[in-house]
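Enquirer: model the structure of this input:
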Amino acid sequence: MSDNAEPTSATFDPRRFRTTVPFYARYRLGYSDALVTRAAALAGLRPGDAVMDLGCGPGLLAVPLARLGFKVVAVDPEPDMVDACRAAAQEAGVAVDVRLGSSFDLPAGPFRLVTMGRSFHWMDRAATLRSLDRIVTADGALAFFEDDHPETMENAWRRALRDIGDRYGRMDSPNVAVKRQADYRSQVSLLLDSAFARLEGVSEVVRRTRSADEIVGLALSTSTMSPARLGERGAAFETELRAALAALSPDGVFTEIAELNALVARRSVAA
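Expert: Predicted coordinates for the structure are as follows:
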């Protein structure tokens, strides 16, 4: 696969996140029930509605959706993520139909809502939107969950993490490299030209404390700095990252400020 193209069914790497599984649920920011509730209300959902969480990972969206009373199908291409999502649902005491799959082999539906948490950029986005148009109900919607970190002194550790990651090849990762294309289109731009062009959003701001160990774990949860991608350079990467973190905070305590967002996309004319 070229680093400057969105994936196709022939070039898609379904196991890109294989080595991130032990770190993902533990160190990534989760989505609160309150944020998920607000997004579901914006989409007009009712208890019992069918929802698909596409690229479900270890269940950070699927489990809260099931807790709210929706009938959830969770799909991910990584077998270990599928296992992690099943385990999370069992631990939470909720029913989630977890399946191995991807945007290239979607369940038949129909679904009232399709959610994607930090996963849409790994898909052939325009083709996925066309496919979702066929399996989302006429009054249904899509919801894209992401997090954003403001450039503030509390988040200085994130800049250090990004800079070190760049020295270890982060910029060459397909999801980063594709954004340097002259013809790259943002998510919003694509949605405005899709069947789901009515856009509204909800968000919440969170502040939490991180340790150096947690920041290292967060790095390893990403595809750009995963154990598999770092390979033999993993020990050197961790040593360099820990040294940079120690220079920023000798006591090893850090603050993270993040905005968690849910962009809800509905059809321009609802049925």
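Enquirer: whichever strand or helix holds Ala228: what's the following helix or strand?
Expert: In this structure, Ala228 sits in helix 227-230 according to DSSP states H and E. Past helix 227-230, further along toward the C-terminus, the next helix or strand under DSSP H and E is helix 234-248.
Enquirer: give the other helices and strands that that following helix contacts.
Expert: Helices and strands touching helix 234-248, by 3 or more C-beta pairs under 8 Å, 6 or more residues apart in numbering; DSSP states H and E, are helix 156-167, helix 212-220. In this view, the C-beta of every residue, glycine as well, is placed from N, C-alpha and C.
Enquirer: Gly59 touches Ala74, doesn't it?
Expert: Yes: if you go by C-beta atoms under 8 Å, Gly59 and Ala74 touch, sitting 6.5 Å apart.
Enquirer: quickly list what's touching both of those two.
Expert: Counting by C-beta atoms under 8 Å, 6 or more residues apart in numbering, the residues touching both Gly59 and Ala74 are 53, 85, 89, 96, 98.
Enquirer: touching, the third one and Pro64? I think so.
Expert: No: counting by C-beta under 8 Å, Ala89 does not reach Pro64; the two are 10.8 Å apart.
Enquirer: that older thread, among the shared contacts of Gly59 and Ala74, which ones are in helices?
Expert: 85, 89 (DSSP state H).
Enquirer: identify the farthest-apart pair in the shared contacts of Gly59 and Ala74.
Expert: Within the shared contacts of Gly59 and Ala74, two members stand farthest from each other by C-beta to C-beta: Asp53 and Ala89, at 10.9 Å.
Enquirer: can you give me the neighbour number for Asp183?
Expert: In terms of burial, Asp183 registers 5 neighbours under the definition other C-beta atoms under 10 Å.
Enquirer: any idea which of the helices and strands packed on helix 234-248 gets closest to Gly109?
Expert: Closest approach to Gly109 among those is made by helix 212-220 (33.9 Å; C-beta to C-beta).
Enquirer: would you map the helices across the chain?
Expert: For the chain, the helices identified by DSSP H occupy 21-27, 33-42, 62-67, 79-92, 125-135, 156-167, 174-177, 187-192, 212-220, 227-230, 234-248, in order along the chain.
Enquirer: quickly, which of the ones you listed bottoms out on average pLDDT?
Expert: Taking each of those in turn, the one with the lowest mean pLDDT is helix 174-177, at a mean of 68.
Enquirer: okay, which residue is most central for this structure?
Expert: Per C-alpha atoms, centre = their mean, the C-alpha nearest to the average position across the chain is that of Arg118, at 1.7 Å.
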